[in-house]
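1. next come a sequence and a model predicted from it.
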Amino acid sequence: MQSENKNTKLLLINPEQMNKIDQIAASHLPIFVLMKNAGLSVARAVMQFYKPCKILVLCGPGNNGGDGYVVAHILANEGWPVKVAVLKSPREGTDAYKAAQQWGGDTVPFNKQSVKDAELVIDAVFGSGLSKDLDDQLAIILKAAEHIIAIDMPSGVDGKTGEIKGYAPHAELTVTFCRAKPGHYLLPGREYIGKLVIGTIGIPQSILVNPSFKTWLNEPGLWEVPHSLIEDYKYSRGIVNVIGGGQTTGAARLSSLAASSMGAGLVHIFAFGSKDVYLMTSPCFMVDEGDLKDSLKDARRKVWVCGPGLMEDEVHTALTELISANKVIVADASALTKDNINLLKKCAVLTPHIGEFKRVFGDIKNCRITAVKEAAKSLDTVIVLKGPDTIIVSPDGRVAINCHANARLATAGSGDVLTGIIATLLACGMPNWEAACAGVWIHGEAALLHENSWPNAVDLIHHLGKARDNAEINK
């Protein structure tokens, strides 16, 4: 059951939802007042980050263009040299038309030369509202800008998906309103945003507390990592169990080491084949072999990692037995195949990278968020689509977008470390989606804590304790 999250600071609002919010907010403040507040937010950001210079505001026909006219009016009143270029005039009677009527300064042709003559260009053409590819001629004009600020979203970046509609300029600064949009954080759009400023324009907080809004930026505050208590003991802190392959052992050992460093009270490994190599991994581990059914009889051993380093027959045996014993399963790597799809429906969390996701669900035809939401709903399980903008999706439709990471995670075994982290958080009582979200953030924090070199997966593990501490501090 989804609980209503009243902390809306991390909420991400797509363009369609933002339009509805504006309409609801209009009962408190007229749209024209919201537009003036938006323009003021942009003007303040311009004056904060830039010295007076020759400004050109490129205005489109919609509300984004209306914001642009307001910005131009405010900056001109502050003594900045401002000109406006109009792609298309707003429709008479609209709020954008009212804003345009207030502009009494210079208007220049909407062309490449006007852009080149400016020292700073403000893109108020389309914002996040563009539904088709950017016109080639408009792309040529935007390319002429040496320094550009975007209102809401650089024209050409899809506010919902982060996709580029033909072309988009790389802004130095983007000012959006009320809350950020998914496209501000999803790649490739994230690379076009520059510095992101979120302006307050007077929309009441109560409008944002809405259970239909289900997309969030993944940061502490969206979830809370359980604190250690003075009366804790190893079983209360949670037991993590890892299925170890008989031939390939490294992946399971990494998952186990990660769980131990994350604070699991006890780490068990079940070894297909000999347990000797697993015994040598850490003196803290309990290792057993033989019949998996015997290991599953212990009711305290609830959470299991299955997939890393396993052969096809090992995966099938392990998943079947784990599901039969009603265990909580984090599935990764070899477990993620189309042949196992019915077994994966019984898992708590799946952690595919893009190749593994396609292996199970096929090519992504829509945007990634839509594809992962459909997959999570069809399997009734949490899915973590790993990548530079990792997406964590619950079957009830909640989505978290994680940007808290860097390229140091792009190393063999990094994903095995993540499974151990998530399993630990599940074992200490976190709900499935929250455990996955927190695990992804802590994984990224471990990479950010590693300085001055490119770590391997073992190096990441050494930072997990501090990374978990930081998750508690930053909530």
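-> Alright, I've got the coordinates.
2. from here on, contacts and neighbour counts on C-alpha atoms
-> OK.
3. isn't there a helix covering residue 18?
-> Yes. Read with DSSP: H, G, I helix; E, B strand; the rest coil, residue 18 is one of the residues of a helix.
4. measure it to residue 207 for me?
-> 11 Å (CA to CA, to the nearest Å).
5. what about the two, which has more around it?
-> In this view residue 18 and residue 207 are compared by other CA atoms under 10 Å, and residue 18 has more residues nearby, 18 against 12.
6. which pLDDT value does the model give that one?
-> Per-residue pLDDT puts residue 18 at 92.
7. how about the one 4 residues further on?
-> Here the pLDDT value assigned to residue 22 is 88.
8. excluding its backbone neighbours, what's nearest it?
-> Leaving aside its sequence neighbours, residue 22 sits nearest to residue 31 (CA to CA, 6 or more residues apart in numbering; 7.0 Å).
9. just the buried residues of stretch 199-214, please?
-> For stretch 199-214, a neighbour-count test (16 or more other CA atoms under 10 Å) marks 199-201, 203, 208, 213-214 as buried.
10. contacts for it, please.
-> Residues outside stretch 199-214 that contact it (CA atoms under 8 Å, 6 or more residues apart in numbering) are 4-6, 8, 11, 13, 21-22, 24-25, 29, 34, 37-38, 41-42, 175-179, 397-399.
11. could you do stretch 380-400 as well?
-> 2, 185-187, 214-218, 345-354, 357, 369, 372-373, 375-379, 401-403, 405-407, 432-433, 436-437, 440.
12. can you tell me which of the contacts of stretch 199-214 are buried?
-> The buried subset of the contacts of stretch 199-214 (16+ other CA under 10 Å) comprises 8, 11, 13, 21-22, 25, 29, 34, 37-38, 41-42, 175-179, 397-399.
13. need the strands for the stretch 101-250 of the chain, in chain order.
-> 106-108, 120-124, 148-151, 173-177, 195-199, 215-217, 239-244 (DSSP state E, counting those that start in this stretch).
14. domain-wise, how is this structure divided?
-> In terms of domains, the chain is parsed into 8-211, 239-473 (source: automatic domain parsing).
15. for the nearest residue to residue 351 once chain neighbours are set aside, helix, strand, or coil?
-> Counting by CA to CA, 6+ apart, residue 384 is the residue found nearest to residue 351 once chain neighbours are left out, at 4.7 Å. Under the three-state scheme (three-state DSSP), residue 384 adopts strand.
16. contact partners for the residue of the chain most remote from its centre?
-> Among the C-alpha atoms of the chain, the one most distant from their mean position (CA atoms, centre = their mean) is that of residue 104, at 42.3 Å. Residues near residue 104 by CA under 8 Å, 6+ apart: residue 73.
17. and if we set it to 10 Å?
-> 69, 72-73, 76, 83-84 (CA atoms under 10 Å, 6 or more residues apart in numbering).
18. out of those residues, list just those in helices.
-> If you go by DSSP state H, the contacts of residue 104 have 69, 72-73, 76 in helices.
19. farthest-separated two in these?
-> The most widely separated members of the ones in helices among the contacts of residue 104 are 69 and 76, with 10.6 Å between them, by CA to CA.
20. would TSV of the contacts of residue 104 with distance to residue 464, neighbour count and pLDDT be doable?
-> Shown next, in TSV, are the contacts of residue 104 (distance: CA to CA, whole Å; neighbours: other CA atoms under 10 Å; pLDDT from 0 to 100):
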residue	distance to residue 464	neighbour count	pLDDT
69	49	32	98
72	49	31	98
73	51	23	98
76	52	17	98
83	53	24	98
84	52	26	98
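21. adding distance to residue 319, write the residues you listed out as CSV.
-> What follows is those, written out as CSV (distance: CA to CA, whole Å):
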residue, distance to residue 319
69, 61
72, 62
73, 65
76, 67
83, 66
84, 64
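22. list just the nearest of these to residue 57.
-> Nearest member of the contacts of residue 104 to residue 57, counting by CA to CA, is residue 84, at 4.8 Å.
23. so residue 37 makes contact with residue 177?
-> Yes. The pair residue 37 / residue 177 is scored as a contact, 9.4 Å apart, by CA atoms under 10 Å.
24. how close does residue 272 get to residue 330?
-> For residue 272 relative to residue 330 (CA to CA), the value is 18 Å.
25. neighbour count winner among these two?
-> Per other CA under 10 Å, whichever of residue 272 and residue 330 has more neighbours is residue 330, with 26 against 21.
26. show me the contacts for the more buried one.
-> 242, 303-307, 344, 347-351, 382, 419-420, 422-423, 426, 432, 436 are the contacts of residue 330 under CA under 10 Å, 6+ apart.
27. surely it forms part of a helix?
-> No. Per three-state DSSP, residue 330 lies outside any helix segment and is strand.
28. look up which residues are beta-bridged to it.
-> Going by DSSP bridges, residue 330 is paired in beta bridges with residue 305, residue 349.
29. any idea how far residue 218 is from it?
-> 20 Å.
30. can you check residue 429 too?
-> For residue 429 relative to residue 218 (CA to CA), the value is 19 Å.
31. give me the more crowded residue out of the two.
-> Higher neighbour count among residue 429 and residue 218: residue 218, with 24 against 14, using other CA under 10 Å.
32. isn't that one right next to residue 405, touching?
-> No. Using CA under 10 Å, residue 218 is not in contact with residue 405; the gap is 11.0 Å.
33. shared neighbours of the two, anything?
-> Contacts common to residue 218 and residue 405, judged by CA under 10 Å, 6+ apart, are 390, 440-441.
34. which among the residues you listed gets closest to residue 288?
-> Using CA to CA, the shared contacts of residue 218 and residue 405 come closest to residue 288 at residue 440, 29.0 Å.
35. contacting residues for residue 164?
-> Here residue 164 is in contact with 132-134, 154-158, 183, 187-189, 192 (criterion: CA under 10 Å, 6+ apart).
36. now with 8 Å?
-> Residue 164 sits in contact with 133, 156-158, 188-189, where contact means CA under 8 Å, 6+ apart.
37. farthest pair within these?
-> Going by CA to CA, the pair spanning those furthest: 133 and 188, at 15.2 Å.
38. so where's the stretch 251-400 of the chain shaky on pLDDT?
-> For the stretch 251-400 of the chain, applying pLDDT under 70 flags no range at all.
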